[in-house]
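Chemist: sequence and predicted structure below; questions after.
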Amino acid sequence: MKKIYPIIAISTCNLCDSGIGIIRISLGNKEIIYNTLIKKLFKKKYLFPRLATYSKIYLNNKFVDYGVILYFPSPNSFNGETIIEIQMHGNIEIMNNLLNFCIYKFKFKKATKGEFTKRALMNKKIDIFDLKIIYNIINYKKNNEILNLNFRKDFILLNNIIFNSIIYIENLINFDMEKKDIKIKKITKNIMIKIKNVEKKINFFNINSNVKVAIVGLPNVGKSSIFNKILGYKRSIVSNTKGTTRNYLEDTILINNKKIIIYDTAGITNTSDKIEINSIKQTKNVIKFCDIIILVINELDNKNKNLFIKKYLKKKIIILVINKIDKIKKKKKFSDNLIKISCKKNIGTNNILKKVFYYYNNIIEKKNKIIFETKKIKKYIFLLKKNIKLFLNSKIYLDFLLNEIKFAQKKINKILNIRNKSIIKKIFKTFCIGK
């Protein structure tokens, strides 16, 4: 049997003296010490379960305070373990002495934030939804908006809305009796509006299976020349003048039934010119929806300028290309990952497409998976909207709607591989010690 040590904590504020102080004890699986504990602290042979017992409190056989003792034997307690709660005067010195006495005498451990509740979750006395309701009670704010709980930075907005709607409705049911039915109808309508808005905003609902490639770099490094070479004909204007490309160009190539959409973009640079700033904004937008970035550099360019571009390319597949190698007089060693080309002398340009096709299958596989998962998510969202409409038209009960919301959230969690453990950890960090 796994050893579960006893824990103790001051559940009320321990920064200053107060009218009431609460100390909470959970005995883990060491219930054998229960009789010794109550004998030492209260000079009693037994306590009545789930009844408030008025008692004197002793430390080292010396009377220190009067208090009310609550005893909840396992498994019929909040966390499934034997719990003793001591409600006494909030004298900080006395409470800390009692805490230290139990730690020293009975080998208790001081509870960490949310540890009592964590044990309730481990012992299956509560589930993830109960946990979030407890969180919301602690942080409860009375308003008519869905509470914005950011449990995870990368938690998709849609899933967050579904989760928050469960918590908010259950909070209204349990804690807000004033015009409850009207408020529930109002928040349910609000949920419907927010779900519709999110559907429009989330880009992955419109993912297609084409691989998109952008040619990016500083001005006048030969991006348009590479674009023309890949297409096999002159599509983009080529000039020695910097900033010739103002708007991005788009074209499609098809090789061995593999379709690639390729973009020629304006050069990225620090500028105060309004037209160039607008062109750079377009380039950044193209980068966002492209899968592969062909980053073109020039040996003659300042390396710090290329670092300035790289900050926009996070989480992208980058193919690094050095152009105009015919102008490099000295023999230099370059990295094996660097594709060396000269558009003017027609050297190495074929290697760019070879590298693109090297990544092609993996990208298509990932996109197809996302498309498949998106269809499943849309199915659950459709059912959710349908049930909300039925509820608003008084054709189904609130309990049924809540179950359907929970079902949709659970399924979306599974599809997106969102695990409850990571959410739980973040919740417990917000709890106080003794909860």
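Modeler: Perfect, I can see it now. Numbering: from 1, shown residues only.
Chemist: what's the neighbour count on K354?
Modeler: Neighbour count for K354, taken as other CB atoms under 10 Å: 9. (C-beta placed from N, C-alpha, C; glycine too.)
Chemist: likewise K345?
Modeler: If we define neighbours as other CB under 10 Å, then K345 has 12 of them.
Chemist: can you classify it by secondary structure?
Modeler: At K345 the chain is in coil, as set by DSSP: H, G, I helix; E, B strand; the rest coil.
Chemist: so what's it closest to, chain neighbours aside?
Modeler: The spatial neighbour of K345 that comes closest, neighbours along the chain excluded (CB to CB, 6 or more residues apart in numbering), is D326 at 4.8 Å.
Chemist: got a list of what that neighbour touches?
Modeler: Contact partners of D326, counting by CB atoms under 8 Å, 6 or more residues apart in numbering, are S342, K344, K345, I347.
Chemist: of the residues you listed, which is the most crowded?
Modeler: S342 (18 neighbours).
Chemist: thought that one was touching G348?
Modeler: Yes - taking CB atoms under 8 Å as the definition, S342 is a contact partner of G348 at 7.1 Å.
Chemist: between these two, which contacts overlap?
Modeler: In contact with both S342 and G348: I325, using CB under 8 Å, 6+ apart.
Chemist: for C16, helix, strand, or coil?
Modeler: C16 falls in the coil class when you classify it by three-state DSSP.
Chemist: helices and strands around whatever helix or strand T252 lives in, which ones?
Modeler: Using DSSP states H and E, T252 sits within strand 249-255. Strand 249-255 sits against helix 223-231, strand 258-264, with contacts defined as 3 or more CB pairs under 8 Å, 6 or more residues apart in numbering; DSSP states H and E.
Chemist: let me have the ones you listed in TSV, extended by mean neighbour count and distance to N361.
Modeler: Formatted as TSV, these follow (neighbours: other CB atoms under 10 Å; distance: least, CB to CB, whole Å):
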stretch	mean neighbour count	distance to N361
helix 223-231	22	19
strand 258-264	20	9
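Chemist: using TSV, lay out these together with mean pLDDT.
Modeler: Output for these, formatted as TSV (pLDDT from 0 to 100):
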stretch	mean pLDDT
helix 223-231	85
strand 258-264	88
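Chemist: kindly reformat those as TSV containing distance to N278.
Modeler: Shown next, in TSV, are the helices and strands packed on strand 249-255 (distance: least, CB to CB, whole Å):
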stretch	distance to N278
helix 223-231	18
strand 258-264	16
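Chemist: wait, which of those is closest to I415?
Modeler: Of all the helices and strands packed on strand 249-255, strand 258-264 sits nearest to I415, with 26.8 Å by CB to CB.
Chemist: for the stretch 251-400 of the chain, which segments count as helices?
Modeler: Assigned by DSSP state H, counting those that start in this stretch, the stretch 251-400 of the chain shows helices spanning 274-289, 303-310, 350-392, 398-415.
Chemist: deepest in the core, which of these is it.
Modeler: Mean neighbour count, computed with mean count of other CB atoms under 10 Å, is highest for helix 398-415 among those, reaching a mean of 17.
Chemist: now for that one, which elements pack on it?
Modeler: Judged by 3+ CB pairs under 8 Å, 6+ apart, helix 398-415 is in contact with helix 157-175, helix 350-392.
Chemist: least reliable of these by average pLDDT, please.
Modeler: For the helices and strands packed on helix 398-415, mean pLDDT drops lowest on helix 157-175, to a mean of 68.
Chemist: any idea which helix or strand comes after that helix?
Modeler: Later in the chain than helix 157-175, the nearest helix or strand by DSSP H and E is helix 180-201.
Chemist: can you get me a residue count around I268?
Modeler: By the measure other CB under 10 Å, the count of residues near I268 is 21.
Chemist: who are the neighbours in contact with the residue nearest to N323 when sequence neighbours are not counted?
Modeler: Using CB to CB, 6+ apart and skipping residues adjacent in sequence, the residue nearest N323 is G222, 4.0 Å away. By CB under 8 Å, 6+ apart, the contact list for G222 reads V296, N298, N323, K324, C343.
Chemist: ok, now how distant is G222 from I215?
Modeler: Using CB to CB, to the nearest Å, G222 is found at 9 Å from I215.
Chemist: list residues touching both of these two?
Modeler: The contact sets of G222 and I215 overlap at V296 (CB under 8 Å, 6+ apart).
Chemist: which one of the helices and strands packed on helix 398-415 lies nearest to C290?
Modeler: helix 350-392 (10.5 Å).
Chemist: relative to strand 249-255, how tilted is the closest one?
Modeler: If you take axes from the mean of the first three to the mean of the last three CA atoms, to 10 degrees, helix 350-392 sits at 110 degrees to strand 249-255.
Chemist: from the chain's centroid, how far away is helix 350-392?
Modeler: The chain centroid and the centroid of helix 350-392 are separated by 19 Å, computed with CA atoms, centre = their mean, to the nearest Å.
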